[in-house]
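Asker: return atomic coordinates for the entry below.
(one chain, ligands or ions: 1)
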Amino acid sequence: MITLTDIAYVRSGVADLDAATRFATGIVGLELAAPTEDGVAHLRADHRHHCLALVQGPSGVLASGFSVRDTDALAAAETELERSGFTVRRGSAAQARSRRVREFIGFDDPFGNRLELVSQQETITRPVAFSRPAGITEFGHLCLDAPDVHEAHRFWSTRFNARVSDWIGDAACLLRIDPVHHKLAVFRGDHPGLCHMNFQVATIDDVFRNWHYLVEHGVEIEMGPGRHPQSTAVFLYFLGPEGFTYEYSFGVRRIEDEAAWVPRTFDPEEPGSIDMWLGPTTRPITQRQASRDAEAAPAGRTT
Ligand SMILES: [Fe+2]
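Answerer: This is a model prediction of the structure:
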């Protein structure tokens, strides 16, 4: 059993790095870290050095990163995964530096999603210099696709410390690795990919202010504002460049009493099961998983 201590980052390949970075800063509101690497933009939302890295190259999600406690835990995870038949690749020093972690390993989940386990992700204490006042407080969760969410639950709950918080029928499995209702979700989808990346905001007013801001700026709203009955979060999903879906949300439930919580099942066809305010609902757009070597020789890099 591998203990995930937190979500760490999303790494996404973008054909137009400037456009994707402009959206992540000017629209989403993230801070752009001082550039240290050609072809990579590091975006910051909280104490992490970055939680989103945009990498010049073919469009598609490159990896989803999760933290383990330390380098010993990482080595143990590597051994455990290899013994279970996973092909595990250890990151180079330069790759670890790009991720602002001490060490990391990469492997594919059974559905083709690239996962990375990292040790010692860099923390920054300086307040985040948000590009606009969207009210972001932290990187909230990430959501992956898998063709069978029950199989995905088996993977996450037997190999890792993830526990299901709620089911949305066969459509979604919402998983926690700490008291937050979900830091990880798996949505049913035919191909591996990142369904969306969530940022928590400070107040319900931020959700609605952001909604007006996005509409004014011509951003495609995918769903919301609405309220998920599972997590009680007020949500807003919107589409960024290259098929990358962002979500703002406020008010996610915390599960403090592990023993008392029993996962519930919601029928996705039942009105109110996705949005208890009964607004129109749609399945967020997934950014497909990029090919394994997409980051090996990204366009625009000279080295
Ligand atoms: Fe979400």
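Asker: where are the low-confidence patches of the stretch 1-150 of the chain?
Answerer: For the stretch 1-150 of the chain, applying pLDDT under 70 flags no range at all.
Asker: swap in the stretch 201-303 of the chain?
Answerer: 296-303.
Asker: mind redoing it with 80?
Answerer: 292-303 (pLDDT under 80).
Asker: what ranges does the stretch 51-200 of the chain have for its strands?
Answerer: For the stretch 51-200 of the chain, the strands defined by DSSP state E, counting those that start in this stretch occupy 52-56, 60-67, 89-90, 103-108, 114-119, 136-146, 163-168, 172-176, 184-188, 193-201.
Asker: one more: the stretch 201-303 of the chain?
Answerer: 220-227, 234-239, 245-250, 264-266, 287-288.
Asker: highest average neighbour count across those?
Answerer: Sort the strands of the stretch 201-303 of the chain by mean neighbour count, taking mean count of other Cβ atoms under 10 Å, and strand 245-250 sits at the top with a mean of 24. Yep, even glycine has a C-beta here, placed from its N, CA and C like the rest.
Asker: now stretch 223-235: how far from the chain's centre is it?
Answerer: 17 Å (Cα atoms, centre = their mean, to the nearest Å).
Asker: if we can go back for a sec, nearest to Gly39, of the strands of the stretch 201-303 of the chain?
Answerer: Among those, the nearest to Gly39 by Cβ to Cβ is strand 287-288 (18.2 Å).
Asker: ok, the closest one: who's next to it in the sheet?
Answerer: Sheet pairing of strand 287-288 (DSSP bridges) gives strand 193-201 (antiparallel).
Asker: let me know the angle separating the strand it pairs with from strand 245-250.
Answerer: Here the directions of strand 193-201 and strand 245-250 differ by 30 degrees (axes from the mean of the first three to the mean of the last three Cα atoms, to 10 degrees).
Asker: how about strand 193-201 against the ion, any contact?
Answerer: Yes. Counting by Cβ under 5 Å from the ion, the ion has neighbours in strand 193-201: Asn198.
Asker: next, the buried residues of that strand.
Answerer: 193-201 (16 or more other Cβ atoms under 10 Å).
Asker: let me know the closest of those residues to the ion.
Answerer: Asn198 (4.5 Å; Cβ to the ion).
Asker: confidence score at that closest one?
Answerer: Here the pLDDT value assigned to Asn198 is 98.
Asker: which residues are in contact with it?
Answerer: 139-143, 246-249 (Cβ atoms under 8 Å, 6 or more residues apart in numbering).
Asker: that one pairs with what?
Answerer: His141, Glu247.
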